[in-house]
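Engineer: please find the sequence and the predicted model below.
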2 protein chains.
Amino acid sequence: MSVPDSWYNLLADFPLELPDDLPSPHAAGGLRPQLPAALIRQEMSRAREISIPGEVMDRYLRWRPTPLRRASALEAALDTPARIYFKYEGDNLSGSHKLNTAIPQAFYYAKAGAKRLSTGTGAGQWGTALALAGGMFGLETVAFMTRSSYDSKPYRRVIMEMLGCRVEPVEGNLADALAAALGETRNAEGTRFATGSGEGYSLLHQTVIGQEAASQLSDLGERPDVVIASLGAGSNFGGIAFPFLGAARRSGGGVRAVAVEPAACPKLTRGRYRYDFTDASRATPLQKMFTLGSGFATPPIHAGGLRYHATAKIISALRAEGAIEAAAYTQKEVFGSAVEFARLEGVLPAPEAAHAVHGAIREAIACREEGVGRTILFCLSGHGMYDLAAYDEFQSGRLDDVVPSDEEIERSLALLPEVVA
Amino acid sequence: MSVPDSWYNLLADFPLELPDDLPSPHAAGGLRPQLPAALIRQEMSRAREISIPGEVMDRYLRWRPTPLRRASALEAALDTPARIYFKYEGDNLSGSHKLNTAIPQAFYYAKAGAKRLSTGTGAGQWGTALALAGGMFGLETVAFMTRSSYDSKPYRRVIMEMLGCRVEPVEGNLADALAAALGETRNAEGTRFATGSGEGYSLLHQTVIGQEAASQLSDLGERPDVVIASLGAGSNFGGIAFPFLGAARRSGGGVRAVAVEPAACPKLTRGRYRYDFTDASRATPLQKMFTLGSGFATPPIHAGGLRYHATAKIISALRAEGAIEAAAYTQKEVFGSAVEFARLEGVLPAPEAAHAVHGAIREAIACREEGVGRTILFCLSGHGMYDLAAYDEFQSGRLDDVVPSDEEIERSLALLPEVVA
């Protein structure tokens, strides 16, 4: 088993209708010209395989291939006929799958002459990944971090700083942090904005996860019936699900792909497929996405990486076509599943990844109730070792569930920009 | 490459003179009767290979074999002709190598009818490992944690509690925590005391590390010239070094084994080979060890796992025979190496493991100065993700070096028990 030598491009197998981005009514130009040509080409490509450059592969090999494991103790505890496998992406210094795209992004930006990368980070996983990747290619980094994470996750700040990154707190949510990071690129020469998820190229880079998992499962004589991942802006879900969706489409077989989102930020289950802003600056191009509205005030849940108001265009289009499923769960049930998983399997999920754990457990319970032994694969996208304060809150009963009302969601959606689409 | 099916017993190849333990002058009996017969047999055995039970192997396979990696970026930065490999033991929920012995100990205690395990933990790595392992075999656990770690590493308390373990703070150092844990076995029926390092069986269980590394290096056509590990009570050092020492002894070849200790707790470099107590209760049998005296007040360094006043009998005997080397380094130089390593290799060492990193860097620099390309293997025994407060202190210049004076060490050694030996 080894690391695939190319990224997998879903658009080769799914001729999705992806509506063009539209210029923001609040800005003359967009940010596209800042993007290295290599990333633009990846975004536009319809080739099935896009080669991974040697300089990127050298770095991938420092921790990839990542482990695929069977959750046998969990299966036994659930008394389920399902076979549950998980792909574990937490065994690297950034602590999550984010490093898979941070490395090629830093590589392409450095090659295009950038000196410095600016970014926004919610839970801190993306900022850590970019700091590490920037250091690999001689780039300075600056991360704008939501104030709530900056204060509640001091270890994240320390590790980013240790990796040479400047960290600035920003009031508000991820959209505000992104806006601050964008502002930085206007003020500092040679500075480019890098984003951890949502864009087509970041989903593309993450497909190393699903390709590796497919090969590892195949070595075991297995093929998943259902693939489950948590959903923020979409790169984790796309990374594991796309290679399986594509293979099923080519072979005429079937596979279910389930995106699990927090009930506090339910864009796929309660949002609309509409044009919206990708950040709070309202100056970047409008994208057609499943969204709750860029002004949606996501309740303060611990899964900071899943608080983004919308999700990637490709995933939104798949959802609009009915090619993927979605489920939303509340924080407390998710933490409960994470604790059970940690005790049984000895891996502590990040609150974001815990959504996939809970989704897998629900699926395994459904298998038991139906008496059907499906093969379940989920992505354990990151570890929760920096989230023990949240686990402590859960254990001591101080954690609350907050689910937005229909009125709150409607109020936010009413503010979506008017576009001719 | 797979997990070895037996533990390796150094005593089959090194006919070491291991002086018998002596009864404490302060207690009528010892604790030996509490030990499961299987562990006593392992301690007495002279067989080279001791089978790993299937129930233990099942659990090992949840995260073993652990990765062996070449530190190519570090080599390049040091401009050294040395080839540096490291074995990474931090990729499990306990965060260190300690789980390798926690699992067989929990298995043997459960089989022998114990209901509950009591232990002392310094940095919290051993307590976390025992909590996890106890849960695997249906045992309750209670961990007595040094107050300094309890207060400075709250995440360690949270994770132990999450795994179902009761955690109690104890004033003083590890010897005091061990004494408190021993006291618990007298007060609660069915409770047994489990210790994470120092005893022969715990060193034996850790030999999975060195055996795997030997096989992984052999696949690469490599054989180490020098094996480096940090030294506390000895299980990490023994675990990686013993299989190589034994193989070299059998083949007539040579390998250097270097134990790295903190300058704040320099038992091998500045202690004496004498009979001493293993904990502050002074009620357990006396063991002949390299020691600074069981009353030695180790300065408060962040490498809590290396603050133990003595080291294992087998390692002490090897040192007395001149079969292994030792080096002591101060906290700040060790942290400096750890930060360099994290930036270059993307793995954050625990402060304990950072001693091995620093030792390997010193060895690689010596190779450069001598113009000799030796193969270096070191054990990266645990991750530092719970130690970021310490890294923050180091980064911001708030970390101090504290090295005991000759007078302090002599004063402590003067209190060693008088024995006829």
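Structural biologist: Cool, got the structure.

Engineer: I figured A:Arg282 hits A:Ser294, correct?
Structural biologist: Yes. A:Arg282 lies in contact with A:Ser294 (Cβ atoms under 8 Å); the separation is 7.0 Å. C-beta coordinates here come from the backbone N, C-alpha and C atoms, glycine included.

Engineer: more neighbours, these two?
Structural biologist: Ranked by neighbour count (other Cβ atoms under 10 Å in any protein chain shown), A:Arg282 and A:Ser294 place A:Ser294 first, with 24 against 18.

Engineer: for that one, give me its contacts.
Structural biologist: A:Ala175, A:Asp276, A:Phe277, A:Thr278, A:Asp279, A:Ala280, A:Arg282, A:His309, A:Ala310 (Cβ atoms under 8 Å, 6 or more residues apart in numbering or on different chains).

Engineer: now those residues as JSON lines including secondary structure, pLDDT and distance to B:Pro104?
Structural biologist: As requested, these are exported to JSON lines (DSSP: H, G, I helix; E, B strand; the rest coil; pLDDT from 0 to 100; distance: Cβ to Cβ, whole Å):
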{"residue": "A:Ala175", "secondary structure": "helix", "pLDDT": "76", "distance to B:Pro104": "51"}
{"residue": "A:Asp276", "secondary structure": "strand", "pLDDT": "94", "distance to B:Pro104": "56"}
{"residue": "A:Phe277", "secondary structure": "coil", "pLDDT": "90", "distance to B:Pro104": "57"}
{"residue": "A:Thr278", "secondary structure": "coil", "pLDDT": "86", "distance to B:Pro104": "52"}
{"residue": "A:Asp279", "secondary structure": "coil", "pLDDT": "77", "distance to B:Pro104": "53"}
{"residue": "A:Ala280", "secondary structure": "coil", "pLDDT": "71", "distance to B:Pro104": "54"}
{"residue": "A:Arg282", "secondary structure": "coil", "pLDDT": "79", "distance to B:Pro104": "60"}
{"residue": "A:His309", "secondary structure": "coil", "pLDDT": "91", "distance to B:Pro104": "50"}
{"residue": "A:Ala310", "secondary structure": "strand", "pLDDT": "94", "distance to B:Pro104": "50"}
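
Engineer: filter those residues by proximity to chain B?
Structural biologist: Near chain B, judged by Cβ under 8 Å from any Cβ of the partner chain, there are no entries from these.

Engineer: any idea which of those residues has the most stuff around it?
Structural biologist: Going by other Cβ under 10 Å, A:Ala310 tops the contacts of A:Ser294 with 31 neighbours.

Engineer: tell me the bridge partners for that one.
Structural biologist: A:Thr291 (DSSP bridges).

Engineer: that one contacts A:Ala233, correct?
Structural biologist: Yes. At 7.3 Å, A:Ala310 counts as touching A:Ala233 under the criterion of Cβ under 8 Å.

Engineer: for the residue in the stretch 1-150 of chain A that chain B sits nearest to, list the residues it contacts.
Structural biologist: Nearest to chain B in the stretch 1-150 of chain A, going by Cβ to the nearest Cβ, is A:Leu93, at a distance of 4.4 Å. Contacts for A:Leu93 were tallied using Cβ under 8 Å, 6+ apart; they are A:Leu99, A:Thr128, A:Leu132, A:Ile159, A:Leu163, B:Ala342, B:Gly346, B:Val347, B:Leu348.
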